[in-house]
Structures are given as structure tokens and as C-alpha cells.
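S.K.: Next input, structure requested:
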Amino acid sequence: MAAPRPRRSVSVRDHSDSCERLDAAGGSWDALEWTKIEPVTRSVSHINLEFLLEAERVVEEGHGVVLVNTDEAGTLFVTNFRLLFLSDGTRNIVPLGTIPLATIEKFNKMVLKIQSAPRQIDKSSSCRLLQIIGKDMRIIVFGFRPRTKQRRVIFDALSRNTKPARIWDLYTFTCGPSKFSNPNPKVRLLNEYFRLLGKGFLRASMSMIEDGSFTLSNDLWRISDTNSNYSMCQSYPFALIVPKNISDEDVIQASTFRARSRIPVVSWCHPGTGAVLARSSQPLVGLMMNMRSNADEKLVAALCTRLGDGKGSRRKLYIADARPRKNALANGAMGGGSESSSNYFQSEIVFFGIDNIHAMRESFGRLRDYLDTHGAASSDGMSSFLRHGGWTWGGGNLSSMSASVSTLGDSGWLIHVQSVLAGSAWIAARVALESASVLVHCSDGWDRTSQLVSLANLMLDPYYRTFTGFQALVEKDWLAFGHPFSDRVGMPSLSGTSYELTRQSSTGSFSSSPLRQSSGSYTPQASNSSHAQNNYSPIFLQWVDSVSQLLRMYPFAFEFSSTFLVDFLDCVLSCRFGNFLCNSEKERQQCGVDEACGCLWAYLADLRSQEGSAHYNLFYDPLKHNGPLLPPAAALAPTLWPQFHLRWACPSESEAGDLEAKCRNMAVKFSELQKAKEAAEKKAKEYSRAMETLNSELRHEKQVSSSAKHLAEKASKESAAIKRAIQSLGCRVKFSSSADCAVDVESNPTETPQKYVYSPPRRASDSVMGCDDKSDLSVSITVVPDDVVTSSRPLGQVCETLCSFRTRDGGCRWPDAGCAQLGSQFVGLKANFDAFDRLSIYDSYFQSE
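M.R.: This is a model prediction of the structure:
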């Protein structure tokens with residue numbers, strides 16, 4: 001038995017300070033420092049509407065409210081979706097004080113009576129408190145100002161909105177699908193069936209469902225439409241995988257021997273060995289365990305297909321009963337029970353000893369109380385032992401520390417998680433190592449059976465450890481096979497209000513808190529947790545907890561992170577989306593959930609698509625664990641799931657030293673560097689291409705320059721040859737850069753030479769190998785005779801007197817030159833390369849006489 005905890009003084013921060021304040025104020029509520037606030041009078045309809053979700057509307061509000069867990073003052077709003085606490089200091093939403101209405105398990109009004117002073121026993125003040133207990137491991141307490149009706153207003157609003165009379169009054173129906181539309185889950189179920197049968201290349205469609213053409217098969221198994229209208233079993237899906245050699249008549253007959261007609265069907269089949277993992281409910285063997293069914297025995301025997309060892313021997317069948325043996329025997333008194341190995345061929349019966357939903361609910365409550373009592377944000381306002389930098393633990397009392405540690409063990413939660421892990425690992429090992437088939441059931445086959453089968457599937461098939469596979473697994477083994485989410489989560493079902501939470505007094509739930517054992521006392525005034533039945537239980541939460549334990553053991557095997565599991569679980573508990581409403585596929589179809597509500601998977605995919613999403617596991621390596629996960633027994637020692645269990649009670653500890661968060665920051669930085677590297681590489685490629693272009697142009701320019709140089713040298717040689725030819729005539733030749741050709745003839749050395757200029761017409765062809773007219777050369781020729789000759793025809797005299805090519809008979813040895821006698825003027829020669837090419841010089845010109 002746990003040792004009693006030391007009595008602590010009643011205060012929020014310090015006992016002596018609070019006593020002085022209370023004494024000075026006569027024990028009034030306003031004397032407490034953390035409640036000295038002025039009510040906010042602004043209207044709800046004009047404040048912070050940006051914090052509201054789509055179709056979310058404010059129902060009631062309370063001003064001057066204090067969140068006792070953190071001593072923070074603010075405004076409390078009740079909307080049609082959540083309880084929202086807005087800080088007066090920052091005007092931001094306080095996550096601890098904001099909780100969806102569907103996540104609230106129960107809430108109570110309480111009064112804390114505080115004695116003002118030892119000598120004033122008769123004078124005391126009453127603190128008006130509202131306690132909220134959540135299904136997500138949090139316990140929060142709000143304090144209200146005295147002599148106001150705000151607490152009653154908030155309490156009444158919670159009573160109306162947390163217990164809607166009809167399922168259609170839930171927020172998810174008011175909001176509608178929005179941008180998170182939900183494709184028909186039947187199509188996704190068939191796609192998963194096709195994958196299991198080795199026909200993953202086929203894609204299901206609504207037309208296939210409507211015309212019944214989805215009944216495919218392989219060598220061993222087939223998809224049956226026996227339950228297409230849910231007439232055989234209302235909690236089973238419309239399509240079932242059964243042995244190929246079992247007819248629909250045998251299937252229907254076998255359903256009469258199983259509880260709630262939940263017959264043995266295939267949940268997963270090994271693609272190589274043919275071993276299967278099947279599920280069902282308990283057989284109806286009766287008190288004497290002597291009832292039998294030939295159809296049921298035939299169906300179970302068909303699960304044991306022949307081994308591929310060449311001998312034709314049948315594989316072994318294990319029948320795993322998730323219940324303790326005594327519970328199975330007790331169910332026999334109500335017509336249930338368990339199988340007898342003598343009635344089922346080559347079978348072995350194994351009991352896992354996992355407790356029922358009631359034990360899980362009580363264990364979860366004890367764990368929640370433990371975390372609230374010993375957390376850093378305790379709902380009693382004192383945060384147990386470690387608040388405000390306190391260095392003592394348990395008041396320095398070793399026995400108190402041991403007692404509090406034992407309280408965690410006494411909750412039994414970790415033991416239950418370990419039982420689920422061990423049972424699932426045993427099932428996976430039988431299928432993977434022995435190639436045996438395993439049939440799993442509990443009482444109804446929808447709680448512990450779903451836990452074991454889905455967790456074993458997760459261990460056996462790497463596909464289920466991806467985002468897409470995890471969705472397929474949850475939709476197949478939890479939603480399609482009829483886990484009663486409405487009953488287990490405590491939401492209204494199709495038939496009406498189906499709240500099944502337990503009635504618990506606030507006194508009992510606060511029994512372990514330091515403040516609850518002090519001079520002040522919490523007085524329960526009302527509770528909303530009265531329900532007709534007692535079927536609320538965190539079964540699905542426990543399974544997600546088990547998945548997180550596997551993720552901790554095998555960090556490289558899962559594509560998703562622990563953050564994804566937390567967000568996924570929050571969405572399920574909040575009932576913001578319609579995927580997890582109702583108790584079966586049939587009920588969701590009757591409610592039109594798929595068309596009327598948003599899709600949780602689409603919402604998570606949208607979060608995942610955002611840059612830097614924390615849903616991805618940075619350590620995921622599909623090649624490292626591409627086979628089954630078979631953890632040894634020594635590794636199946638679970639611990640608290642920090643990201644979920646400690647996020648409210650110990651927010652700093654749930655994140656401190658989080659390797660995943662640090663690696664995620666490093667990954668973000670690495671991603672930024674990678675992007676910068678890619679941008680730099682892109683620029684480098686652009687520069688490289690530009691350099692190549694410039695080099696190509698430079699080579700081209702060099703070629704043009706070399707060609708021009710070659711042409712210039714050729715032109716220079718031709719010019720020199722022409723110059724020598726003209727100088728041989730006894731003339732002086734001058735080249736100028738102008739475009740004209742001038743000839744100067746000096747008749748007397750003492751006189752000014754006469755200059756004759758000829759400007760030829762410009763033509764486009766007057767260029768040298770593509771050069772322009774500016775490259776043309778002009779020739780200036782000056783003729784100086786030996787003696788002075790006066791004549792009216794100076795040009796003719798020059799030609800007749802000085803030309804050595806004139807014959808005695810007056811002829812010319814160079815008739816084609818046209819150099820001298822052209823009528824009235826002397827033209828000369830134009831230094832044009834085309835003309836020079838046409839110039840014909842006789843060989844005799846260069847020969848001596």
C-alpha cells in the first residue's frame with residue numbers, strides 16, 4: 001500500500017504569502033494575487049474571430065477566469081467544437097486550457113474552502129472551480145470570480161454541447177467536408193484486399209462495388225460478397241476474404257456459431273508461404289463446452305492450407321484467445337467460451353491473459369491521476385513537488401518518492417501495453433518463423449482482437465509502416481471490422497446518445513493531490529459523467545501507444561514519426577472528422593458520413609505536405625527493415641510515451657532532449673543548405689554555358705581575324721607588285737587612304753606638278769573579300785619627264801615621249817593597258833583589287849630590250 005503523502009499548505013505559490021494576503025483582505029477571493037484581474041467587457045462577436053475554425057461559433061464566454069494549472073488569467077469561451085482559453089496577457093490561445101468538447105471525458109463543479117487565519121476559523125472564502133478531465137491525459141481546473149454566474153453559464157454550455165442529442169449535432173456535420181473530402185472507404189478497402197491477394201495492379205471503383213464484380217480470387221483465397229448488405233453480420237465489412245474452397249452457404253452457416261456472427265475471416269496472408277492471420281469472435285460452445293459446428297470447423301480448417309515443402313503436409317493452426325483463461329470459462333456461462341483443440345484439426349489453443357475494457361479504463365484513469373499529481377503543471381495549482389524551482393522531491397522523504405514511483409506501477413497501464421506487445425510479437429513470430437496460421441479472437445472480436453491483429457500486421461508487413469499502409473491498416477482492422485468507436489470514445493451513435501463514461505466523484509479523482517489532502521477541500525457539486533452503460537475505454541489509444549513503443553524500438557522501420565501519431569490520436573479523440581464516428585461500417589454508411597463530414601486522412605496529408613512537416617521520420621530507412629519485426633521478449637519493456645503522456649503535465653520534459661526534434665532542425669538546415677547548393681550549381685551551370693558561348697565567339701573572332709590578316713598580307717603583296725609595275729613607268733606612286741585615285745604629272749621639276757583626280761562610282765562589289773569601301777586604296781602617280789616639253793596635249797606627249805613601250809611605227813606594246821591616251825584626260829589606275837586581278841601585263845614588259 002502506498003505511503004500517505006505529506007500534508008501541504010493550501011496556496012498557489014507560497015503558504016506564508018497567501019496567508020498574509022488572505023488575512024489582509026479578510027479571506028476574500030480577490031486577495032489571491034493571481035486572480036486580481038479586471039473582467040474583459042469586449043463582445044465575443046468582435047474579438048479574435050481569427051482563432052475560430054470554419055463553421056465554429058461561440059456559444060458562451062467567461063471573463064476573468066484563471067487557469068489554475070499555470071496561474072494564467074484569461075477569457076474562457078465555449079464554442080460548438082471546443083473549450084477555448086484565451087490569455088488576457090498575450091491574447092493568444094493557451095493550448096493547455098483549450099480542449100475539444102469530444103475530448104472531454106467529464107467535468108465537475110467544485111468549491112475550495114480556504115480558512116483565512118488560524119484565529120478566524122469561522123471566516124472562510126470559497127473558490128469557485130471547474131474541473132475538466134480529458135481523454136488525452138490532461139486534467140485542468142479553471143477558477144472563477146465569486147459572486148458571479150460565469151461558472152454556471154460555462155457549465156451549462158458544456159452540458160448542452162458535450163452531450164448532443166443526435167450524432168448530426170456534432171461539429172463535424174456542421175462544418176462539412178470543406179476541402180478535406182472523404183472518398184468512399186469501401187474502395188480503399190477493396191484496394192487493400194487486391195494487394196493481399198497479389199492483384200495490386202487492379203484498382204477498385206464504385207461501379208465495381210455496385211455491380212458486384214469485386215469478388216476476385218487467387219489460388220487459395222477469394223473475396224466474398226456474402227455480407228454485401230450486412231445481413232449476415234452488421235459489424236463486419238461488406239466484403240470478406242475467405243478460403244477459396246468454402247462456399248457462401250458454409251460461410252452463412254458458420255456465422256450462427258460465432259458471437260455476433262463474426263466468423264473467422266482472413267486479415268492478412270503471407271505472399272510467400274501462404275500462412276494467414278485470421279480474426280473472429282468467440283465460439284458459442286456453451287457452459288459445458290460441448291457445442292460444435294461442422295461449418296465452423298470446416299472454415300477454420302481451411303485456414304490451414306498445405307505447406308509448400310513437397311510433402312503435402314498441412315500447416316499448424318494456433319488459436320490465440322486474447323482473454324485470461326478464467327474469463328473465457330466465465331463467458332461459457334453466457335453461451336460463449338473458447339475452442340477445444342480436439343475439435344479443430346492440428347490446432348493449439350493459447351491464452352494471452354489481456355484484461356477487458358473496464359480494466360483498461362481504470363488503469364488509464366490511474367495513470368492520468370499520477371501524471372497530474374507529479375507533473376509540472378498540476379491541476380491543484382501547486383504542481384506537486386517541483387514547481388517554482390523547488391529542489392526537493394517528495395518533500396525530501398524517500399518513502400514518499402518510493403510511494404509515488406510505485407503509483408505508476410500500480411496504474412497497470414504499462415503492464416497492459418506490454419501484454420499487447422508481447423501477444424502481437426508472439427503471433428508475428430508464429431506466422432513468420434513457423435509459417436503457421438493464427439486465428440485471433442476475444443469475446444466479441446472487436447477490441448483486444450483488433451489490437452493484436454493490427455499490431456501483428458504492423459510487425460509482419462513493412463507496407464503498414466508507411467503513411468499509406470498505416471491508413472489501410474487502420475481502415476481495415478479497426479474501422480471496417482467494426483471496432484465500436486462511438487461506444488469506446490463516448491460519442492453518440494446512430495441509435496441515439498451512447499455516452500458510456502463512468503460516474504466518478506471529484507473527491508475520488510483528487511485523492512492523491514497535495515492540495516486535496518490539505519486544509520482546503522474540493523467539494524463536488526455536480527457531475528455530468530452519469531451514463532447508462534459503462535463501455536467507454538481507451539482501447540484504440542492503447543494500441544497507438546503500443547505502436548509508439550515499436551517506433552521507439554525500431555526508429556528506422558517507420559516512415560511516420562511520433563508527432564504524426566500524436567496528431568492522429570488528437571484528431572480521433574476530437575471527432576473533428578467523420579472517419580471514426582459510429583460503431584461500424586454499416587452505421588457510417590447510413591449516416592452518410594463520407595459525404596457529410598471531412599476526412600481525417602486528407603487533413604493529415606495536408607499537414608504532411610507543408611514544408612518541414614514533423615510527421616516524417618527522419619531516420620526512416622526502408623531497406624534496413626524490409627522484413628518482419630520480431631522483437632525479443634527482453635525488448636518489450638514499455639515506457640511512458642513522452643510526446644503524449646507528458647505533454648500536458650510535464651511540457652518541458654516531453655520535449656527536452658528530444659533527439660528527433662534536434663535532428664529535424666538539423667534536417668531543416670541541411671535542406672536549406674541543399675537548396676542553396678542546388679541554386680549555386682544552377683548558377684555555375686549558367687556561367688559555364690555562358691563561358692562556352694564566349695569561348696565559341698572568341699574562336700570565331702580569332703578565325704575572322706586570322707582570315708583578315710591573311711587577306712591583308714595578300715593585298716599588301718599585290719599592292720607592292722602594282723607599285724613596282726607603275727614605278728617602272730618612271731612615275732612616283734603615292735597611296736592614300738581616300739577613295740579617290742589621283743595622278744600627278746610634273747612637266748617641270750621647278751613647277752608645281754599637275755594633279756589629275758579620278759573618282760570612280762561606288763559599287764557594292766568594290767571591296768576585298770567582304771571588306772567595305774573604306775579599305776579601297778587610291779593611287780597618286782607623278783610623272784617627271786627628262787626634258788621640258790610644252791604641248792597642248794601633255795598627257796599624249798608624256799605617253800609618246802617617255803613610254804618605252806611605244807614602237808617606232810607609233811604602236812604600243814601594252815595595248816590593253818589603256819594607261820595614257822584616253823582622249824581629253826589621263827585617268828590613271830584605281831587601286832582596286834578586282835581591277836588589278838583583271839589587269840593583264842605582258843611578259844615583255846618585264847624584259848629588257
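
S.K.: helices or strands up against the host helix or strand of Phe540?
M.R.: Per DSSP states H and E, Phe540 falls inside helix 539-553. Applying 3 or more C-beta pairs under 8 Å, 6 or more residues apart in numbering; DSSP states H and E, we find helix 539-553 packed against helix 357-374, helix 413-434, helix 448-460, helix 485-489, helix 562-574, helix 642-645. From N, CA and C alone the C-beta is placed, and that goes for glycine too.

S.K.: and with 10 Å instead?
M.R.: helix 357-374, helix 413-434, helix 448-460, helix 467-474, helix 485-489, helix 562-574, helix 642-645 (3 or more C-beta pairs under 10 Å, 6 or more residues apart in numbering; DSSP states H and E).

S.K.: what's the pLDDT at Glu697?
M.R.: On pLDDT, Glu697 comes in at 92.

S.K.: ah, wrong one, I meant Met289
M.R.: Looking at Met289, the pLDDT reads 81.

S.K.: residue contacts, Val85?
M.R.: Rather than Val, residue 85 is Phe. Phe85 makes contact with 62, 65-67, 70, 72-77, 93-99, 140, 142 under the criterion C-beta atoms under 10 Å, 6 or more residues apart in numbering.

S.K.: which of those residues count as buried?
M.R.: Buried members of those, counted by 16 or more other C-beta atoms under 10 Å: 62, 65-67, 70, 72-77, 93-94, 96-99, 140, 142.

S.K.: Which of those fall in strands?
M.R.: The members of those that map onto strands under DSSP state E are 62, 65-67, 72-77, 99, 140, 142.

S.K.: could I get those residues as JSON lines with pLDDT and distance to Thr563?
M.R.: Shown next, in JSON lines, are these (pLDDT from 0 to 100; distance: C-beta to C-beta, whole Å):
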{"residue": "Gly62", "pLDDT": "92", "distance to Thr563": "32"}
{"residue": "Val65", "pLDDT": "93", "distance to Thr563": "30"}
{"residue": "Val66", "pLDDT": "92", "distance to Thr563": "31"}
{"residue": "Leu67", "pLDDT": "93", "distance to Thr563": "25"}
{"residue": "Glu72", "pLDDT": "91", "distance to Thr563": "25"}
{"residue": "Ala73", "pLDDT": "93", "distance to Thr563": "30"}
{"residue": "Gly74", "pLDDT": "93", "distance to Thr563": "27"}
{"residue": "Thr75", "pLDDT": "93", "distance to Thr563": "29"}
{"residue": "Leu76", "pLDDT": "95", "distance to Thr563": "28"}
{"residue": "Phe77", "pLDDT": "95", "distance to Thr563": "27"}
{"residue": "Ile99", "pLDDT": "96", "distance to Thr563": "19"}
{"residue": "Ile140", "pLDDT": "94", "distance to Thr563": "22"}
{"residue": "Phe142", "pLDDT": "94", "distance to Thr563": "28"}
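
S.K.: just curious, which of those is nearest to Phe580?
M.R.: Ile99 (17.6 Å; C-beta to C-beta).

S.K.: how far away is that closest one from Ile167?
M.R.: 21 Å (C-beta to C-beta, to the nearest Å).

S.K.: repeat for Lys135
M.R.: Following C-beta to C-beta, the distance that separates Lys135 from Ile167 is 18 Å.

S.K.: Now do Tyr230: how many residues are near it, please.
M.R.: A total of 17 residues lie near Tyr230 under the criterion other C-beta atoms under 10 Å.

S.K.: residues contacting it?
M.R.: Here Tyr230 is in contact with 236-238, 584-587, 589-590 (C-beta under 10 Å, 6+ apart).

S.K.: Now the buried members of these.
M.R.: Buried among the contacts of Tyr230 by 16+ other C-beta under 10 Å: 236-238, 584-587, 589.

S.K.: Let me have those in TSV, extended by secondary structure, distance to Ala721 and pLDDT.
M.R.: Formatted as TSV, those follow (DSSP: H, G, I helix; E, B strand; the rest coil; distance: C-beta to C-beta, whole Å; pLDDT from 0 to 100):
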residue	secondary structure	distance to Ala721	pLDDT
Tyr236	coil	110	97
Pro237	coil	105	97
Phe238	coil	105	96
Ser584	coil	111	95
Glu585	helix	106	95
Lys586	helix	111	95
Glu587	helix	111	94
Gln589	helix	106	93
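
S.K.: Tell me where the model's unsure across the protein.
M.R.: Scanning the chain for pLDDT under 70 picks out 1-49, 113-126, 309-310, 381-405, 495-533, 656-661, 729-849.

S.K.: Which neighbouring elements make contact with the helix or strand where Ala721 lies?
M.R.: Using DSSP H and E, Ala721 maps to helix 659-727. Here helix 659-727 touches helix 562-574, strand 731-736, strand 778-783, helix 833-838, going by 3+ C-beta pairs under 10 Å, 6+ apart.

S.K.: Now do it against helix 562-574, angle only.
M.R.: 120 degrees (axes from the mean of the first three to the mean of the last three C-alpha atoms, to 10 degrees).

S.K.: and helix 659-727 with helix 539-553, angle?
M.R.: Using the same axes, to 10 degrees: helix 659-727 against helix 539-553 is 60 degrees.

S.K.: number of nearby residues for the nearest residue to Arg82 once chain neighbours are set aside?
M.R.: Leaving aside its chain neighbours, Arg82 sits nearest to Pro100 (4.5 Å; criterion: C-beta to C-beta, 6 or more residues apart in numbering). Pro100 has 22 neighbouring residues, counting by other C-beta under 10 Å.

S.K.: so who does Pro100 touch?
M.R.: Counted by C-beta under 10 Å, 6+ apart, Pro100 has contacts 79, 81-84, 134-136, 162, 171, 570-571, 573-576.

S.K.: Can you tell me how far it is from Leu473?
M.R.: 25 Å.

S.K.: Sort out which residues of stretch 427-445 are buried, please.
M.R.: Buried, per 16+ other C-beta under 10 Å, within stretch 427-445: 427-432, 435-445.

S.K.: before we move on, back to that, ranking the helices and strands packed on helix 539-553 by burial, who's on top?
M.R.: Of the helices and strands packed on helix 539-553, the one with the most neighbours on average (mean count of other C-beta atoms under 10 Å) is helix 448-460, at a mean of 26.

S.K.: counting contacts, what elements does that one pack onto?
M.R.: Partner elements for helix 448-460 (3+ C-beta pairs under 10 Å, 6+ apart): strand 265-269, strand 276-279, strand 317-321, helix 357-374, helix 413-434, strand 437-441, helix 467-474, helix 539-553.

S.K.: If we use 6 Å, what do you get?
M.R.: For helix 448-460, the elements it packs on are helix 413-434, strand 437-441, judged by 3 or more C-beta pairs under 6 Å, 6 or more residues apart in numbering; DSSP states H and E.

S.K.: Need those in TSV (columns: distance to His270).
M.R.: As requested, the helices and strands packed on helix 448-460 are exported to TSV (distance: least, C-beta to C-beta, whole Å):
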stretch	distance to His270
helix 413-434	6
strand 437-441	9
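
S.K.: Indicate which one of those is closest to Leu640.
M.R.: Using C-beta to C-beta, these put helix 413-434 closest to Leu640, at 7.5 Å.

S.K.: Now do that closest one against helix 448-460: the angle between them, please.
M.R.: 60 degrees.

S.K.: now helix 413-434 and strand 437-441, what's the angle there?
M.R.: 150 degrees.

S.K.: Before I go, just wanted to say thanks for your time.
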